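Visitor: Just need the structure, nothing else, for what follows:
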Amino acid sequence: MFKKYWLPLVLQALLLFFNFTTVHSVTLAFSDQDIQVVINGNSSLKLVASAPLTEDATIRFTYQIGDGNIEFYQQDSELIENLPNVTIKNGTKDITVFIVGKNPGHLTLGVNSNSSSFENLEDTFLLVTIVQNSALVIISSVIGWIYFAAWTISFYPQVYENFRRKSVVGLNFDFLGLNITGFFTYGLFNIGMYWIPEVENDYKKLHPRGINPVELNDVIFTIHAVFITAVTIIQCLIYKRDMQRVSIVARVLLVGIWLFVAVALIVALCKTITWLTYLYYFSYIKLGITLIKYIPQAYMNFRRKSTEGWSIGNVLLDFTGGSFSILQMFLLSYNNDDWGSIFGNPTKFGLGFFSILFDILFIIQHYILYRHHASYEILIDSPEKDIEDVLKPSST
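Guide: Next up is the predicted model:
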């Protein structure tokens, strides 16, 4: 008799064990990772369990302002209306949450529960941005596409200029070397952040409630930038270039950069630093190169008293992209009442502003200072001198 019923009993025991483990492995997630809410407006989304619950579960909401670890159940920041406790019923797996904006700002919404059904609730969070005007959100998005397009197209006028002239005389090779190094390292940073799981895990450990700052368009842009800059360098190999070459200073700098990259790679392979830290080194290289890459071209124009060979179209498009980028930063800061994103972390703003200053300098050189100095003659005193020393303006 026992043998007749032992199999059903075992199956029931296994089923109970499976249900027990299922109950204790339920996770919660918001249907969106981040939302925008207009002041006095509302937005709804779902709070979804990974499996139907076997008991009623009451959910309380927590609030976090800024990057700190301060969480509180009674909202005192007045960014959104207080959210009441909600209950996910037995046998169901989701519930609708309504969020009403009160004042502009940023808020991280989390959850907590006394129910034993859930695990890893610290990973359940929603980034809420409360804005003053919905029209500014649309305008900001349009501006974003404008500067993305301007920066993407800005590489092509120089390529066309070289092709039209069948010459790269006037285009500084130090600038090209620094530019492709900057974009290549930045591309490695973006690809690593976007596609490598180990790096994403490192970022999540460092920023538990942060969203990966690298998006697909960042990856595509840098890959395109490396490609089109490489095309420009190939033009330097096949078109007339006279005595132009990469200066000794630039060579030493570039070799130093790649030696640093190689040493840091060995350190990362030895597990002394994380791969995320290693990739951050690439972003620092890009930032540093952005600060200095235009200096050789500006100085070359000054020595030659001419901008011939250096495409003004590239400059105008870069100026457009940089200006709209900074405009977007101000619009977002006003709309979110978050001026600290500009003045509290001035790196991005400073780099953009610095690039615009160089664009203005190039515009002044092209249209004012050297407007009537398009032609020049080459005076070669020594083959060992840099191109800046051997190109002199003509007397015509």
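
Visitor: Residue 53 against residue 89, yeah?
Guide: Yes: using C-beta atoms under 8 Å, residue 53 is in contact with residue 89, at 7.4 Å. C-beta: built from backbone N, CA, C; applies to glycine.

Visitor: Looking at those two, which is more packed in?
Guide: Between residue 53 and residue 89, residue 53 has the larger neighbour count (other C-beta atoms under 10 Å), namely 19 against 12.

Visitor: Tell me who's in contact with the more buried one.
Guide: Taking C-beta atoms under 8 Å, 6 or more residues apart in numbering, we find residue 53 in contact with 23, 26, 88, 89, 90, 91, 92, 93, 115, 117.

Visitor: Can I get those residues in CSV including pLDDT, distance to residue 163 and secondary structure?
Guide: Below are the contacts of residue 53 laid out as CSV (pLDDT from 0 to 100; distance: C-beta to C-beta, whole Å; DSSP: H, G, I helix; E, B strand; the rest coil):
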residue, pLDDT, distance to residue 163, secondary structure
23, 46, 68, helix
26, 89, 62, strand
88, 91, 64, strand
89, 90, 68, coil
90, 89, 71, coil
91, 88, 69, coil
92, 88, 65, coil
93, 88, 60, coil
115, 85, 68, coil
117, 83, 66, coil
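
Visitor: Buried among these? Make that a PyMOL selection.
Guide: Provided next is the PyMOL selection string for whichever of the contacts of residue 53 are buried by 16 or more other C-beta atoms under 10 Å:
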select buried, resi 23+26+88+93+115+117
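
Visitor: of all the contacts of residue 53, which comes closest to residue 109?
Guide: Taking C-beta to C-beta as the measure, residue 109 sits nearest to residue 88 out of the contacts of residue 53, at 16.4 Å.

Visitor: and the gap between that closest one and residue 28?
Guide: 9 Å (C-beta to C-beta, to the nearest Å).

Visitor: Over to residue 175?
Guide: The value you get for residue 175 to residue 28, if C-beta to C-beta is used, is 52 Å.

Visitor: again with residue 356
Guide: Residue 356 is 45 Å from residue 28, by C-beta to C-beta.

Visitor: With residue 52 instead?
Guide: Counting by C-beta to C-beta, the gap from residue 52 to residue 28 is 13 Å.

Visitor: now do residue 107
Guide: 18 Å.

Visitor: all helices for the stretch 251-396 of the chain, in order.
Guide: All helices of the stretch 251-396 of the chain, identified by DSSP state H, counting those that start in this stretch, fall at 275-292, 295-304, 312-336, 340-343, 346-364, 387-390.
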